[in-house]
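# One predicted model, sequence on top.
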Amino acid sequence: MKDFLSISTCTKDQLLDLLKLSHDLKAFYKSGGRDLCCAGKTLAMLFEKPSLRTRVSFETAIIQLGGSGIYIKPEDIGGIGKREPIKDMARVFSRYVNAIMARTFEHDKVTELAKWATVPVINALTDWSHPCQVMADIMTMQEYFGDIAGRKIAYIGDGNNVARSLAFGCAKLDMKLVVASPVGYELDRESIAKANSQISDTVIQSHDPRSAVEGADVIYTDTWVSMGQESEVAKRRADFNGYQVNMELVKLAPSHVKVLHCLPAYRGFEITDEVCESDHSVIFDQAENRLHFQRALLKKLICG
């Protein structure tokens, strides 16, 4: 595996290998161990969208592996693909650094970087896919449930990049996903078909959050308004009325259910403060595991 752009392009064995390494390195670092396999190595971190977890977790991960990260804002380079072609940027970066991480709007920007770069390219988020987030999510599920095969995830909200990556992750790792969205905000049919082509009925689209959480091991939600959709705030909040993850909804799921949110959480909208602070919530374990997964990913891609 040269690049990490989407869960859909990875094999089951590759994903399981990354997850095992994530757990192993987490235990190793928490015990005081250090793996400096990236000593002298550099990670270019390209950001079109601001972030707390993505920036801090990737920069911490490369430092903990003995390397260094360079934080690059759009204005530092005149934008990705604007001041100069992406194919030129990719080849220049490949002469300077050992890996490229990009957090962009359009997914084709990371695929174009990967096409021309001779070093690994990591998708840290695009509007189409959020693979690092979902791998950290799956790592968190493994910590709480052990064997995740057959587990059910109820995703309540917008059929966005997180929902799509969850669909591909469930298809690869034998889980079930029910996506409950308002009409007009469903996960696209192509992604559902792609996931279900691997295992039949892996992903089901619903419009009823109450039925979606029945029998669920995990309830997952995300913001109703992603970056770039700020002009739609009022409309989206009205359209998503009835899709809030609150304690009334959580109580319809089994008592062992865990609640996940990729953050930032807009408490009082897609999720309540009560749920965020409840014993069901594992959102901060989930956030922490971004570091542990991304450390393993960098080790695998840069150090082999």
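All right, it came through fine. Everything numeric here is computed off the predicted structure, so don't read it as measured data.

# pLDDT weak spots in the stretch 51-200 of the chain?
Along the stretch 51-200 of the chain, the model assigns pLDDT under 70 to no residue.

# residue boundaries of the helices in it?
53-64, 74-77, 86-96, 107-116, 131-145, 161-173, 189-196 (DSSP state H, counting those that start in this stretch).

# what sits against residue 211?
residue 180 (Cβ atoms under 8 Å, 6 or more residues apart in numbering). Where you see a C-beta, it was placed from the backbone N, CA and C, and this is true even at glycine.

# For it, pull up the helix or strand it's in.
Taking DSSP states H and E as the definition, residue 211 sits inside helix 209-212.

# List the buried residues in that helix.
Across helix 209-212, burial judged by 16 or more other Cβ atoms under 10 Å covers 209, 212.

# do the same with stretch 274-287
Buried-residue list, stretch 274-287, by 16+ other Cβ under 10 Å: 275-276, 280-283, 286-287.

# Could you list which of those residues belong to strands?
The strands, defined by DSSP state E, take in nothing from the buried residues of stretch 274-287.

# thinking again about what came up before, could the helices of the stretch 51-200 of the chain go into TSV alongside mean neighbour count and distance to residue 12?
Below are the helices of the stretch 51-200 of the chain laid out as TSV (neighbours: other Cβ atoms under 10 Å; distance: least, Cβ to Cβ, whole Å):
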stretch	mean neighbour count	distance to residue 12
helix 53-64	20	24
helix 74-77	12	36
helix 86-96	16	29
helix 107-116	20	21
helix 131-145	23	12
helix 161-173	25	5
helix 189-196	16	13
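
# Minimum distance to residue 14: which of those helices has it?
helix 161-173 (9.0 Å; Cβ to Cβ).

# Which neighbouring elements make contact with that closest one?
The contact analysis (3 or more Cβ pairs under 8 Å, 6 or more residues apart in numbering; DSSP states H and E) places helix 161-173 against helix 12-30, helix 131-145, strand 152-156, strand 176-180, helix 189-196, strand 203-206.

# okay, these in a markdown table with distance to residue 38 next?
Below are the helices and strands packed on helix 161-173 laid out as a markdown table (distance: least, Cβ to Cβ, whole Å):
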| stretch | distance to residue 38 |
| --- | --- |
| helix 12-30 | 12 |
| helix 131-145 | 17 |
| strand 152-156 | 33 |
| strand 176-180 | 34 |
| helix 189-196 | 33 |
| strand 203-206 | 36 |
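
# Compare the ones you listed and report which one is nearest to residue 42.
helix 131-145 (18.9 Å).

# What distance do you get for residue 98 to residue 248?
49 Å (Cβ to Cβ, to the nearest Å).

# Repeat that for residue 118.
Distance from residue 118 to residue 248, by Cβ to Cβ: 53 Å.

# chain center to stretch 175-195, what's the gap?
Between the centre of stretch 175-195 and the centre of its chain there are 16 Å (Cα atoms, centre = their mean, to the nearest Å).

# can you start the count at 276 instead of 1 from here on
All right, first residue 276 from here; so that's stretch 450-470.

# measure that stretch end to end?
11 Å (Cα to Cα, to the nearest Å).

# again with stretch 428-441
First-to-last residue span, stretch 428-441, Cα to Cα: 9 Å.

# and what of stretch 365-378?
First-to-last distance for stretch 365-378 - Cα to Cα - comes to 15 Å.

# go on, stretch 375-393?
Per Cα to Cα, stretch 375-393 runs 10 Å from first to last residue.

# how about the buried residues of stretch 549-562 in TSV, adding distance to residue 477?
TSV is the format used below for the buried residues of stretch 549-562 (distance: Cβ to Cβ, whole Å):
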residue	distance to residue 477
550	26
551	28
555	24
556	26
557	23
558	24
561	21
562	26
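
# Quickly name whichever of those is closest to residue 304.
Closest to residue 304, out of all of the buried residues of stretch 549-562 and judged by Cβ to Cβ, is residue 562, at 16.2 Å.

# where does the closest one land on pLDDT?
Residue 562 carries a pLDDT value of 98.

# That one and residue 331 touch, don't they?
No. Counting by Cβ atoms under 8 Å, residue 562 stays clear of residue 331, with 9.9 Å between them.

# returning to what we had before: could you pull up the mean pLDDT of the helix holding residue 486?
On average, helix 484-487 scores 98.

# gap between that helix and the chain center?
23 Å.

# Next secondary structure element downstream of it?
Helix 484-487 is succeeded, C-terminally, by strand 493-496 (DSSP H and E).

# picking that back up, compare residue 373 and residue 523 (neighbour count), which wins?
residue 373 (20 against 11; other Cβ atoms under 10 Å).
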